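Trainee: Make a model of this:
(one chain, ligands or ions: 2)
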Amino acid sequence: SESKISWPYPKMIAHRGAGRLAPENTLASMRLGAEHGFSMMEYDVKLSRDGVPVLLHDDTVDRSSNGTGNAADQTYNELAKLDFGGWHSKPYAGEPIPTLYAIAAFTLANNIFSNIEIKPHTGAEAETGTQVALIARQLWAGAAVAPLLSSFSEIALESALKAAPELPRALLIDGALPADWLTRVQRLKCVSVNMGDRNTTKEVVRTVRAAGYKIAVWTVNDAARARELFDWGCDAIFTDAIDTLSPHF
Ligand code: G3P
Ligand code: MG
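Mentor: Numbering: from 1, shown residues only. Ligands and ions are numbered 1, 2, ... in the order given. Okay, here's the model as predicted:
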């Protein structure tokens, strides 16, 4: 059956802004992804020690900055002093950690759709889900298209649902599609299931779409595989290959 769920998003989503071509989850990466024609960005958001929503994939800042330690232990002012670009390449040295406020301003000014992946540190799932949803509601108030909120954490999604039910949600599945997937997405009132590429079979796509849900797949960097997934009926893919895959695939 055809889905009745509204899905205003493009088929191609730039993963962490520009994949690996710019330092992930920075404003520079969003700018580069946009320059390559991508009109939707995925990025990871968590809270600093003082509750500021910032873009960061890992629990620690070690891999993606010149600092060390858990982001959850550092205030925004401390995180803002770190270099989140120099690890990638010299032209990006000094790139700061972006706040969700800054990225909302950039994406809205440039007509870019957002997928905010709620990536809480352990123990902060509920608080992060609530805060990101409430802040996103304010930042995108009046916008033509709301950001898609996604998470591996069902606690975070449940909190987002309670805080801002009008914002669309996606459940990220790590591993095979679980037998009770439909119960989970129904409970969380999700619009889509976001699957890892290696666990996405034709049967998975058929099952999810037959139940009326959208399906988006990460991380797809190969054109032939992207074609196959779209032929099977996938609604969107996340890619790092912003320079080799067409944004209008
Ligand atoms: O949201 C899709 C994808 O970003 C999930 O995995 O580890 O890249 O955040 P990860
Ligand atoms: Mg992510």
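Trainee: Could you double-check that Tyr37 lies in contact with His248?
Mentor: Careful, residue 37 is Gly and not Tyr. Yes. Contact criterion CB atoms under 8 Å: Gly37 and His248 qualify, at 7.2 Å. C-betas here are computed from N, CA, C, even on glycine.
Trainee: Relative to ligand 2, how far out is the nearest residue to Ala143 once chain neighbours are set aside?
Mentor: Counting by CB to CB, 6 or more residues apart in numbering, Leu108 is the residue found nearest to Ala143 once chain neighbours are left out, at 6.0 Å. Separation of Leu108 from ligand 2 (CB to the ion, to the nearest Å): 20 Å.
Trainee: Now do the phi/psi pair for Tyr76.
Mentor: Main-chain dihedrals, Tyr76, degrees, to the nearest 10: phi -60, psi -40.
Trainee: wait, is the residue nearest to Ala143 part of a strand?
Mentor: No. Counting by DSSP: H, G, I helix; E, B strand; the rest coil, Leu108 falls outside a strand, being helix.
Trainee: quick one: pLDDT of it?
Mentor: For Leu108, the model assigns a pLDDT of 98.
Trainee: what's the spacing between it and Pro8?
Mentor: To Pro8, Leu108 is 15 Å away according to CB to CB, to the nearest Å.
Trainee: and the protein, which residues reach ligand 2?
Mentor: Where the chain comes near ligand 2, counting by CB under 5 Å from the ion, the residues are 44, 117.
Trainee: For ligand 1, give me its nearest residue in the chain.
Mentor: Proximity of the chain to ligand 1 (CB to the nearest ligand atom) peaks at Trp218, 3.9 Å away.
Trainee: Just give the number of residues close to that residue.
Mentor: Other residues near Trp218 number 21, with proximity taken as other CB atoms under 10 Å.
Trainee: That one pairs with what?
Mentor: Bridge pairing for Trp218 (DSSP bridges) gives the partners Gly196.
Trainee: going forward, begin numbering at 234 instead of 1
Mentor: Let's use 234 as the start, then, which means that last one is Trp451.
Trainee: wait, it sits on Ala469?
Mentor: No. With contact defined as CB under 8 Å, Trp451 does not count as touching Ala469 (9.4 Å).
Trainee: Which single residue of this protein ends up nearest ligand 2?
Mentor: Closest to ligand 2 within the chain is Glu350: 4.0 Å, counting by CB to the ion.
Trainee: what's next to the helix or strand hosting that residue, contact-wise?
Mentor: Applying DSSP states H and E as the criterion places Glu350 in strand 346-351. By CB atoms under 8 Å, 6 or more residues apart in numbering, the surrounding residues in contact with strand 346-351 are 241-243, 246, 272-279, 333, 336-337, 340, 361-362, 365, 369, 373, 378, 380-384, 386, 389-390, 393, 403, 405, 471.
Trainee: Within the sheet, what are the partner strands of the longest strand along the chain, with directions?
Mentor: Secondary structure of the chain per DSSP state E: the longest strand is strand 273-280. Strand 273-280 has its sheet partners listed here by DSSP bridges as strand 245-248 (parallel), strand 286-288 (antiparallel), strand 346-351 (parallel).
Trainee: Looking at those strands, spot the one closest to Asp455.
Mentor: With CB to CB as the measure, strand 245-248 is the member of those nearest Asp455 (13.5 Å).
Trainee: State the mean pLDDT of that closest one.
Mentor: In this model, strand 245-248 has a mean pLDDT of 98.
Trainee: Same question for stretch 357-369.
Mentor: 98.
Trainee: What lies in contact with that stretch?
Mentor: So stretch 357-369 is contacted by 278-280, 284, 286, 305, 333-334, 337, 349, 351-354, 379-380, 382, 384, 386, 388-397, 400 (CB under 8 Å, 6+ apart).
Trainee: what about 7 Å?
Mentor: With CB atoms under 7 Å, 6 or more residues apart in numbering as the test, stretch 357-369 has contacts from 278-280, 284, 286, 305, 333, 349, 351, 353, 380, 382, 384, 386, 388-393, 396-397, 400.
Trainee: No further queries at this time; thank you.
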